[in-house]
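**Q** below are the sequence and a predicted model; questions follow.
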Amino acid sequence: MKKLLILSAMCMAMTAQATVLRVSNVTNSGAPYADITSALAAAAEGDTIMVDGSSTSYGDLTVDKKIVLMGPGYLRTENGVLTEGSNSAQISALTISADGTAGTVVQGMDITGITLIETPNVVITRCRIRGSFRLTSAATNTVIHQNYFTISFY
């Protein structure tokens, strides 16, 4: 019994060691990654990708593994959170459809184009979503929470 408890504790400790990867496309930011796609390629399942605000879009993103994607939020100056001139983290399109992406969390991003969710157990929270938003029948148990929408649903 004691060996089983020790083995269980070791397994929990190993799974609790998610990495945080920082992304910024702002020149001289000091972030290890300049684009989200590179950080996603380097990320392991369950890692967190922190995206800095920028006046330039980070482009399209297709998530191919379970991650946590966190931006700084949207409408930041209007919400009185930061000083004037602060930017959101914009992506042109977001697709979450690959096997192994169930459990992905997207928080605080500004999605300006198409959002497509085709996998279960995804959480989209505190994002600004513009363009179009599509959940397929495979997107069961998906949580869409505290978002600001200026889009068309279909």
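**A** That came through fine.
**Q** can we go C-alpha only for contacts and neighbour counts from here?
**A** OK.
**Q** show me where the protein has its strands.
**A** Here the chain has its strands, by DSSP state E, at 20-23, 48-51, 60-63, 68-70, 90-91, 93-96, 105-107, 110-111, 114-117, 123-125, 128-135, 143-145, 148-153.
**Q** let me see the contact set for the most centrally placed residue in the chain.
**A** In the chain, the residue lying closest to the centroid (Cα atoms, centre = their mean) is Leu69, at 2.1 Å. Residues in contact with Leu69 (Cα atoms under 8 Å, 6 or more residues apart in numbering) are 48-51, 104-107.
**Q** these two touch, right, Pro120 and Thr142?
**A** Yes. With contact defined as Cα atoms under 8 Å, Pro120 reaches Thr142; the gap is 5.9 Å.
**Q** so if I had to pick from these two, which one is more boxed in?
**A** Using other Cα atoms under 10 Å as the criterion, Pro120 and Thr142 rank with Pro120 on top: 23 against 20.
**Q** give me the nearest residue to that one, chain neighbours excluded.
**A** Leaving aside its sequence neighbours, Pro120 sits nearest to Ala139 (Cα to Cα, 6 or more residues apart in numbering; 4.2 Å).
**Q** show me the shaky parts of this protein.
**A** 1-16, 75-85, 151-154 (pLDDT under 70).
**Q** how about a cut-off of 90?
**A** Applying pLDDT under 90 to the chain picks out residues 1-18, 72-88, 131, 145-146, 148, 150-154.
**Q** in the sheet, who's paired with the residue nearest to Val143 when sequence neighbours are not counted?
**A** The shortest distance from Val143 to any non-neighbouring residue, by Cα to Cα, 6+ apart, is to Val123 (4.7 Å). Val123 has the following beta-bridge partners by DSSP bridges: Val105, Val143.
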